[in-house]
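Enquirer: Coordinates only, no sequence provided:
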C-alpha cells in the first residue's frame with residue numbers, strides 16, 4: 001500500500017499546477033444576453049427588471065457604457081437613491097463629453113430633488129401620524145366612566161377614529177395638491193411619463209392614494225363605533241336616580257306610624 005500511495009502523492013503534487021483550469025475571461029456572450037433582456041424589460045416598462053439585468057451585465061464586463069443605462073433604469077423605476085451613485089460613477093469612469101456631462105448633471109439634480117421631496121413627504125406623513133396618535137390619545141369619553149362604561153368607551157373610540165380620519169383626509173388633500181403642482185410645472189400641463197419627474201409623480205400619487213384609503217377606512221371604523229355606542233346607550237339601563245325624599249312605615253313599642261325625611 002505504501003508503494004502505491006507515494007507515487008500517487010508525487011503525481012498529484014507535480015500535476016497540480018499544470019492540471020488547474022485556465023483562468024477564463026469575461027463571458028461577453030452572457031453579458032450580451034443580459035443586455036438584450038434589459039432592452040426587452042425596458043420595452044415592457046419593467047425598469048426594475050431592466051436594472052437587475054444591466055447590473056448583472058456590468059458585473060461581468062465592468063463596461064462604463066453600462067453605467068449610464070443602469071442609472072437611467074434605476075431612475076425610471078423610481079429608485080433615485082440607487083441611480084445617483086451610478087450617475088456619478090459614470091461621470092468618473094465613462095469620460096463623457098461636455099454635452100453628455102451636462103445631461104447627466106441635470107439627471108443628478110433631478111434625482112437629488114426627488115429624494116429631497118420624498119424626505120419632506122415622509123417627514124410630513126410621520127408628523128401627521130404623530131398628530132393623529134396624539135389626538136386619539138387626547139380624545140376621552142365624557143364622565144362618568146362608571147355609568148354605562150362600555151357605551152362611553154365606544155364613544156371615545158369613535159371620537160378618536162374620527163380625529164384620525166380628519167388628519168388623514170387633510171394629508172391626502174395635501175398630497176393631491178403636490179400632484180397638481182407637479183403637473184402645472186410640465187410644459188403640456190399633463191402628468192409626466194418619463195424621467196425623474198415621472199417617478200416623482202408616481203410616488204406622490206401613491207402617497208395620496210395611501211392616505212385616501214386609510215382615511216376612508218378610518219372614517220368607516222368611526223361610523224361603526226358611533227353606531228355601536230348608540231346601540232349600547234339604548235340597551236344599557238340608566239341608573240336609578242338617587243332619592244331625595246323618602247317615606248317608610250315604622251312600628252314601635254308605643255304604636256305604628258310613618259317615618260319620612262329629606263336628604264340635602
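Expert: It's in. Only a predicted model underlies this, so the values are computations on that prediction, with no experimental measurement involved.
Enquirer: ranges for the helices of the stretch 101-250 of the chain?
Expert: Applying DSSP state H, counting those that start in this stretch to the stretch 101-250 of the chain gives helices spanning 149-184, 195-235.
Enquirer: so where's the stretch 151-264 of the chain uncertain?
Expert: Scanning the stretch 151-264 of the chain for pLDDT under 70 picks out 236-264.
Enquirer: could you measure residue 194 against residue 65, distance?
Expert: 21 Å (C-beta to C-beta, to the nearest Å). Heads up, the C-betas are built off the backbone N, CA and C, glycines and all.
Enquirer: ok, those two, which is more surrounded?
Expert: Shown here are residue 194 and residue 65; by other C-beta atoms under 10 Å, residue 65 has more neighbours (13 against 10).
Enquirer: who's in contact with that one?
Expert: Counting by C-beta atoms under 8 Å, 6 or more residues apart in numbering, residue 65 touches residue 94.
Enquirer: Packing partners of the helix or strand hosting residue 83?
Expert: Assignment of secondary structure by DSSP states H and E places residue 83 within helix 80-93. With contacts defined as 3 or more C-beta pairs under 8 Å, 6 or more residues apart in numbering; DSSP states H and E, helix 80-93 has these neighbours: helix 65-76, helix 98-138.
Enquirer: picking up where we left off before, of all the helices of the stretch 101-250 of the chain, which lies closest to residue 40?
Expert: Closest of the helices of the stretch 101-250 of the chain to residue 40 is helix 195-235, at 20.3 Å (criterion: C-beta to C-beta).
Enquirer: just to revisit the earlier point, can you list the helices of the stretch 101-250 of the chain in a markdown table and add distance to residue 100?
Expert: Conversion of the helices of the stretch 101-250 of the chain to a markdown table gives the following (distance: least, C-beta to C-beta, whole Å):
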| stretch | distance to residue 100 |
| --- | --- |
| helix 149-184 | 27 |
| helix 195-235 | 16 |
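Enquirer: could you dump those helices to TSV with distance to residue 103 and mean neighbour count?
Expert: Formatted as TSV, the helices of the stretch 101-250 of the chain follow (distance: least, C-beta to C-beta, whole Å; neighbours: other C-beta atoms under 10 Å):
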stretch	distance to residue 103	mean neighbour count
helix 149-184	21	18
helix 195-235	11	17
